[in-house]
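Q: Would you be able to build a 3D model of this:
(one chain, ligands or ions: 1)
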Amino acid sequence: MALPNKRPDDMARITTPELAQAFIEEQVAAVREQVGEKNVLLALSGGVDSSVVAALLIKAIGKQLICVHVNHGLMRKGESEQVVDVFRNQMDANLVYVDATDRFLDLLAGVAEPERKRKIIGAEFIRVFEEEARKVGDEVDFLAQGTIYPDILESKDGVKAHHNVGGLPEDLQFDLVEPVKLLYKDEVRVVGRELGLPENMVERQPFPGPGLGVRCLGAITRDRLEALREADAILRDEFAAAGLEGKVWQYFVVVPDMRATGVRDGKRAYDWPAVIRAVNTVDAMTATVPELDWALLKKITDRILAEVPGICRVAYDLTPKPVGTIEME
Ligand code: XMP
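A: Now for the predicted structure:
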């Protein structure tokens with residue numbers, strides 16, 4: 001039986017390892033009862049919610065869970081590799097890894113308009129996932145999803161569209177398994193920790209579905225995307241070293257499609273600027289910009305300029321939301 005969509009008023013907030021263990025045991029039993037001997041398909045992005053659902057289902061039904069990780073080429077540095085390492089190597093999951101980088105980047109070539117980029121990425125994601133679903137379709141009866149309680153509260157028709165593999169064709173409809181749909185984000189993290197997921201996965205900051213695609217502004221090119229990925233990795237590295245992981249709500253690098261002049265090794269440079277974005281927020285509707293330590297900003301700047309080819313300037317975006325949105329496009 002699927003869970004109801006309403007969180008019971010007397011449901012205790014999961015704040016401790018003990019409460020998380022009790023939840024895990026209860027859901028393991030419920031999932032086993034719901035799916036029996038059948039197979040379950042899950043789109044595993046590597047975000048907190050889908051990762052926790054994967055870990056929970058692996059515990060409940062092992063290889064009856066088929067995880068599909070689609071690498072759209074717009075992931076952050078090391079992210080897809082970590083998904084494979086944690087789920088296939090450490091948890092021995094049934095994981096299908098699809099490197100669809102060329103498909104996505106070819107479709108996006110020359111496309112500059114942000115909403116068109118989003119549509120192309122969203123539609124292609126469904127197409128790739130559908131292809132994988134068809135390969136195993138006959139053996140699968142259930143689709144697992146990392147729906148959480150705010151998704152239910154915030155949407156009129158039940159679930160936020162971008163959290164879903166919504167859009168699968170009629171002949172590929174599955175019954176849903178949504179074991180964390182009554183939990184708030186902080187509870188999902190506590191449960192994930194108890195399931196043995198690595199801390200950086202459990203504390204992962206929100207990452208938009210279109211990924212680095214909306215941070216490589218304008219028409220994406222492979223060289224600028226690579227520069228963005230490297231600069232973003234340095235930023236995340238230094239934030240983690242400074243103890244800011246899980247403390248600053250979201251932080252990332254944006255690389256606009258413009259050039260700035262500079263001098264490097266005595267020669268004129270004409271390269272891209274990198275813009276650091278960091279925000280704190282409760283609900284992403286409004287956001288403030290944290291006063292980052294100057295030494296930290298300087299260290300990140302020095303590293304990006306020294307280590308990332310193609311970047312010759314670094315800026316910190318001071319714009320709160322409103323007026324600026326969190327993402328730059
Ligand atoms: P904005 O830029 O609208 O972002 O202030 C608010 C939050 O939403 C995320 N975001 C997205 N998430 N698909 C997503 O899944 C998208 O197209 C998208 N655009 C923005 C953004 O990262 C921030 O957390």
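Q: need the residues of the stretch 1-150 of the chain near the ligand, please.
A: Counting by C-beta under 6 Å from any ligand atom, the stretch 1-150 of the chain comes close to the ligand at Arg118. C-beta: built from backbone N, CA, C; applies to glycine.
Q: can you give me the strands in the stretch 1-150 of the chain?
A: With strands called from DSSP state E, counting those that start in this stretch, the stretch 1-150 of the chain shows them at 39-43, 65-71, 94-99, 140-144.
Q: Same list (the ones you listed) but as TSV, adding mean neighbour count.
A: Converted to TSV, those look like this (neighbours: other C-beta atoms under 10 Å):
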stretch	mean neighbour count
strand 39-43	23
strand 65-71	24
strand 94-99	17
strand 140-144	21
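Q: okay, these in CSV with mean pLDDT next?
A: As requested, the strands of the stretch 1-150 of the chain are exported to CSV (pLDDT from 0 to 100):
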stretch, mean pLDDT
strand 39-43, 97
strand 65-71, 98
strand 94-99, 98
strand 140-144, 96
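Q: those helices in the stretch 101-250 of the chain, which residues are they?
A: 101-108, 114-136, 149-154, 185-194, 199-202, 222-241 (DSSP state H, counting those that start in this stretch).
Q: if we can go back for a sec, now distance to Pro210 too, for the strands of the stretch 1-150 of the chain, in JSON lines please.
A: What follows is those, written out as JSON lines (distance: least, C-beta to C-beta, whole Å):
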{"stretch": "strand 39-43", "distance to Pro210": "15"}
{"stretch": "strand 65-71", "distance to Pro210": "13"}
{"stretch": "strand 94-99", "distance to Pro210": "17"}
{"stretch": "strand 140-144", "distance to Pro210": "22"}
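Q: nearest to Met258, of the ones you listed?
A: Comparison of the strands of the stretch 1-150 of the chain against Met258 by C-beta to C-beta identifies strand 65-71 as nearest, at 28.0 Å.
Q: just to revisit the earlier point, can the helices of the stretch 101-250 of the chain go into JSON lines with extra columns for distance to Arg313?
A: Listed next are the helices of the stretch 101-250 of the chain as JSON lines, based on distance: least, C-beta to C-beta, whole Å:
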{"stretch": "helix 101-108", "distance to Arg313": "25"}
{"stretch": "helix 114-136", "distance to Arg313": "23"}
{"stretch": "helix 149-154", "distance to Arg313": "38"}
{"stretch": "helix 185-194", "distance to Arg313": "35"}
{"stretch": "helix 199-202", "distance to Arg313": "29"}
{"stretch": "helix 222-241", "distance to Arg313": "11"}
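Q: rewinding a little: quick one, which of the strands of the stretch 1-150 of the chain gets closest to Asp237.
A: strand 65-71 (21.0 Å).
Q: And that closest one, what does it pack against?
A: Other elements packing on strand 65-71 under the criterion 3 or more C-beta pairs under 8 Å, 6 or more residues apart in numbering; DSSP states H and E are strand 39-43, helix 48-61, helix 79-83, strand 94-99, helix 114-136.
Q: Excluding residues flanking it in the chain, which one is nearest Val191?
A: Once flanking residues are discounted, Val191 sits nearest to Ala20: 4.8 Å by C-beta to C-beta, 6 or more residues apart in numbering.
Q: for that neighbour, what are its contacts?
A: 14, 187, 190-191, 193-194 (C-beta atoms under 8 Å, 6 or more residues apart in numbering).
Q: try Val28
A: Applying C-beta under 8 Å, 6+ apart, we find Val28 in contact with 56, 59-60.
Q: mind giving me CSV with the helices and strands packed on strand 65-71 and columns for distance to His69?
A: CSV is the format used below for the helices and strands packed on strand 65-71 (distance: least, C-beta to C-beta, whole Å):
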stretch, distance to His69
strand 39-43, 8
helix 48-61, 9
helix 79-83, 5
strand 94-99, 5
helix 114-136, 10
